[in-house]
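K.L.:
what shape does this take:
(one chain, ligands or ions: 2)
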Amino acid sequence: MGRTIATFLLCLAAWTCAAADSRGVDYGKEIQPLLAERCYSCHGPEKQKGGLRLDRKMDALHGGDNGKAIIPGKSSESLLIKNVSGENADTVMPPKGERLSTKQIAMLRQWIDAGAVWPDELAATARNSKDHWAFKVPSRSAIPHVRNKSWVRNSIDNFILSRLEKERIRPSPEADKLTLIRRLSFDLLGLPPTPEEVQRFIEDARPDAYERLVDRLLRSPHFGERWARHWLDIARYADSDGYEKDGIRPFAYLYKDWVIEAINNDLPIDEFSIEQIAGDLLPGATLPQKTATGFHRQTLTNKEGGIDQEEFRCKATVDRASTTAAAWLGLTVGCAECHSHKYDPITQREFYQFYAFFNHASEKDIYVAKRRRGGTISGCKKQVGWRRREDQGRTRFVPD
Ligand code: HEC
Ligand code: HEC
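P.N.:
Ligands and ions are numbered 1, 2, ... in the order given. Next up, the predicted model:
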């Protein structure tokens, strides 16, 4: 009988149950604003009372000190409902101020019973995600209109000219050929042109002389050397181990050469990424694909006597996770190594979920045969790494 009355009252408060049911509850329109207004002050970025954070999907669904607070499909078993409804008399939520209305509680119940649908694009509070450039899908900008159409040679010019026109600035005149070839050579190769190259370009009267020059420079092996430098900085490439001993890594250049060749061969960005992240796991991985994973071997390595090997293995694994994120995810995750931050979309828990991928990889050295100058082929071994060893039920990593 008590239950019937409760249901009856609930329906009255929600106007009509049938209408509410068929409509479903929209997390973004109805649930998030309610939680933001009544719960975030204690369960949000600033405070997580009872270990519960409700503004982020992952934390909210994970629950608080007493486990899951939201059990999708089962509102009556969900701690959140027990607390807001007063069923848990000791921990009524919110603990101060006005209680939630019957209608609001019904809405929360309905949302949970329908599976607690929480769209991924609202996984974090708006301040964390939607507005940040790193989380926006790249989209092609519309080409701006310009008045002086005859000045435009390709659509990049539209962007430059439309701004110049807006500022009422006239474009500079085209540079002379000597300036052009110097600029192009430094931009594309990082090297000055030789006097003969300058002469040849100045004397080349063909209408597409400039395009031909660009093509010639793009074909130069120095193009890859010049542009690999930027990637190698991101990949924290070094010829030596770092730390106090700073031992030489005689074969580190093999990875550097892979990057240079990848750029010179115009390797598409997806293959460029896959081969460096996990080239060794590709079916029938080729030697160059395995060499690409040298990306992960660029961490500092400590081989001093008396060091705690496990400590430096963990440090290297942290570095691997952080660098992989910085290079590919468009955001840094390194700050979450030690603690979560109020407005950082990556939590410490997520950092170690990502870390776990690398934590299970042992550093295996591979033999690589490289054609040396003069045509001889020599076998060589990559730098010393770590090997996994099972020891009394525990996994340990020992130097190779
Ligand atoms: C003024 C601060 C405050 C507000 C606002 C507040 N809570 Fe709480 N909440 C707490 C505190 C404190 C605890 C820990 C209670 C305890 O352990 O006795 C808690 C615990 C909880 C728990 C249990 C977590 C666990 O695992 O132990 C849930 C669920 C919860 N709150 C839900 C809510 C919801 C939903 C709202 C908004 C409708 C809300 N709270 C608003 C302070 C607040
Ligand atoms: C190696 C571990 C570690 C890393 C990495 C780390 N922190 Fe911290 N952070 C700490 C520790 C420990 C404290 C607490 C220091 C104290 O209370 O004296 C702290 C405190 C803070 C505080 C102060 C918090 C407060 O409530 O007073 C801020 C802000 C902060 N860190 C931001 C960052 C940022 C941003 C990054 C990344 C650039 C970062 N942390 C990376 C360990 C780390």
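
K.L.:
which single residue in the stretch 1-150 of the chain comes nearest to ligand 2?
P.N.:
Glu46 (9.9 Å; C-beta to the nearest ligand atom). (Each C-beta comes from the backbone N, C-alpha and C, glycine too.)

K.L.:
give me the element that residue is part of.
P.N.:
For Glu46, there is no host helix or strand (DSSP states H and E).

K.L.:
which stretches of the stretch 301-400 of the chain have low pLDDT?
P.N.:
Along the stretch 301-400 of the chain, segments meeting pLDDT under 70 span 368-400.

K.L.:
so where do the strands sit in it?
P.N.:
Along the stretch 301-400 of the chain, the segments classed as strands by DSSP state E, counting those that start in this stretch run 367-371, 377-381, 386-391, 394-399.

K.L.:
try the stretch 151-300 of the chain
P.N.:
Counting by DSSP E, counting those that start in this stretch, the stretch 151-300 of the chain has no strands to list.

K.L.:
what's the closest non-adjacent residue to the residue in it positioned nearest to ligand 2?
P.N.:
In the stretch 151-300 of the chain, the residue found nearest to ligand 2 is Leu300; the distance is 14.7 Å by C-beta to the nearest ligand atom. Take Leu300 and drop its neighbours on the chain: the residue closest to it by C-beta to C-beta, 6 or more residues apart in numbering is Gly242, 3.7 Å away.

K.L.:
ok, that neighbour - contacts?
P.N.:
Gly242 sits next to Leu300, Thr301, Asn302 when contact means C-beta atoms under 8 Å, 6 or more residues apart in numbering.

K.L.:
and the gap between it and Glu310?
P.N.:
Counting by C-beta to C-beta, to the nearest Å, the gap from Gly242 to Glu310 is 18 Å.

K.L.:
what does Ala252 give?
P.N.:
Taking C-beta to C-beta, one finds Ala252 at 24 Å from Glu310.

K.L.:
higher neighbour count, these two?
P.N.:
Neighbour count, other C-beta atoms under 10 Å: between Ala252 and Glu310, Ala252 has more, with 19 against 12.

K.L.:
and the gap between that one and Pro94?
P.N.:
From Ala252 to Pro94 the distance is 58 Å (C-beta to C-beta).

K.L.:
again, but for Glu337
P.N.:
34 Å.

K.L.:
where exactly do the helices run in the stretch 301-400 of the chain?
P.N.:
309-328, 348-359 (DSSP state H, counting those that start in this stretch).

K.L.:
would you mark the buried spots in stretch 113-125?
P.N.:
Asp113, Ala116, Trp118, Leu122, Ala123, Ala124, Thr125 (16 or more other C-beta atoms under 10 Å).

K.L.:
I meant to write stretch 318-334 there.
P.N.:
For stretch 318-334, using 16+ other C-beta under 10 Å, the buried residues are Val318, Asp319, Arg320, Ala321, Ser322, Thr323, Thr324, Ala325, Ala327, Val333.

K.L.:
how much space between Ala361 and ligand 2?
P.N.:
Taking C-beta to the nearest ligand atom, to the nearest Å as the measure, Ala361 falls 22 Å from ligand 2.

K.L.:
can you get me a residue count around Ile234?
P.N.:
Ile234 has 12 nearby residues by other C-beta under 10 Å.

K.L.:
thought Pro221 was touching Asn264, still the case?
P.N.:
Yes. With contact defined as C-beta atoms under 8 Å, Asn264 counts as touching Pro221 (6.0 Å).

K.L.:
and the closest residue to Val92 other than its chain neighbours, how many neighbours?
P.N.:
Leaving aside its chain neighbours, Val92 sits nearest to Gly86 (5.3 Å; criterion: C-beta to C-beta, 6+ apart). Gly86 has 13 neighbouring residues, counting by other C-beta under 10 Å.

K.L.:
please begin residue numbering at 47 from this point
P.N.:
Renumbered: residue one is now 47, and that last one reads Gly132.

K.L.:
isn't Gly132 right up against Pro141?
P.N.:
No. Gly132 is not in contact with Pro141 according to C-beta under 8 Å; the separation is 11.6 Å.

K.L.:
quick revisit: who wins on neighbours among the contacts of Gly288?
P.N.:
Neighbour counts for the contacts of Gly288 (other C-beta under 10 Å) peak at Thr347, which has 25 neighbours.

K.L.:
and the nearest residue to it once chain neighbours are set aside, what does it touch?
P.N.:
Nearest residue to Thr347, sequence neighbours excluded (C-beta to C-beta, 6+ apart): Asp287, at 4.2 Å. Taking C-beta under 8 Å, 6+ apart, we find Asp287 in contact with Gly293, Ile294, Arg295, Leu346, Thr347, Asn348, Lys349, Gln429.

K.L.:
over to Glu220?
P.N.:
Applying C-beta under 8 Å, 6+ apart to Glu220 gives no contacts.

K.L.:
show me which residues of this structure are close to ligand 1?
P.N.:
Neighbours of ligand 1 within the chain, by C-beta under 6 Å from any ligand atom: 84-85, 87-89, 95-98, 109-112, 115, 125-126, 129-130, 137, 139-142, 146.

K.L.:
for PyMOL, what selects the buried ones among those residues?
P.N.:
In PyMOL syntax, the buried subset of the residues of the chain next to ligand 1 is picked out as below (16+ other C-beta under 10 Å):
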select buried, resi 84+85+88+89+96+98+109+110+115+125+126+129+130+139+140+146
